[in-house]
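K.L.:
The sequence and its predicted three-dimensional model are supplied below.
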Amino acid sequence: MQRSDLDTWGERLTRRLAGGLSRRSILARLGGVLVAAPVFPLLPVQRARATDAPHETDFSRHAQTHDDTACNYWRYCGIDGNLCSCCGGSVHSCPPGSQPSPTSWIGSCVNPDDQRAYLIAYRDCCGANECNKCSCLNTDHAMPIYRPQANNHIIWCFGTNSFEYHCSMAVLVGLAE
């Protein structure tokens with residue numbers, strides 16, 4: 001029986017591995033893999049991007065597009081505060097007597113009409129007494145405080161004439177995809 005080149009190559013590889021590895025080192029490596037394997041599911045991987053469809057949440061199941069004074073208006077998925085649309089402003093503008101903060105927190109909301117995700121910049125309007133109308137606390141996809149750019153529990157009146165909070169608006173930035 002004649003030996004093929006593949007057989008010769010396989011024999012050389014096997015002999016080289018056998019000459020360089022001991023049974024203890026193989027068992028040590030195998031043990032390390034068995035100990036480390038359960039940790040892999042805990043790695044911070046963005047699993048929501050694994051699907052093509054936007055991630056459906058409780059907020060997105062009840063979101064609507066016709067009443068911007070209701071807390072379940074689709075742009076308000078991550079808003080925390082009084083709605084400017086109830087306080088004399090609109091979804092994207094501050095009421096008279098207040099000024100928009102130049103800083104904002106961001107969110108990604110799904111429009112129920114077209115099922116597309118949009119990037120929303122939430123801005124606080126500052127410089128007037130608190131409105132205290134239409135108070136909403138939506139924490140859809142809220143991030144912990146160590147990601148302040150996506151946290152809605154901070155008063156974002158930085159860079160304005162007054163640090164006094166009035167209301168919050170939701171400015172559409174564009175598609176999130």
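P.N.:
Nice, I can see it.

K.L.:
For the rest of this, base every contact and every neighbour count on C-alpha atoms.
P.N.:
Noted.

K.L.:
Name the next helix or strand following the longest helix anywhere in the chain along the chain.
P.N.:
Identified as the longest helix of the chain according to DSSP state H is helix 5-20. The helix or strand immediately downstream of helix 5-20 is helix 23-36, counting by DSSP states H and E.

K.L.:
tell me how far that following helix is from the chain's mean position?
P.N.:
37 Å (C-alpha atoms, centre = their mean, to the nearest Å).

K.L.:
Residue ranges of each domain in this structure, please.
P.N.:
Taking automatic domain parsing as the reference, the chain has its domains at 5-41, 58-175.

K.L.:
Okay, strands next: where are they in this structure?
P.N.:
Taking DSSP state E, the strands of the chain run over residues 80-82, 99-100, 105-111, 116-126, 135-137, 165-175.

K.L.:
which one of the domains of the chain has the most crowded surroundings?
P.N.:
Comparing these by mean neighbour count (mean count of other C-alpha atoms under 10 Å), domain 58-175 ranks first with a mean of 19.

K.L.:
Can you give me the pLDDT of Cys134?
P.N.:
Looking at Cys134, its pLDDT reads 91.

K.L.:
so it touches Ile79, yeah?
P.N.:
No: in this structure, Cys134 is not within contact of Ile79 by C-alpha atoms under 8 Å, at 11.5 Å.
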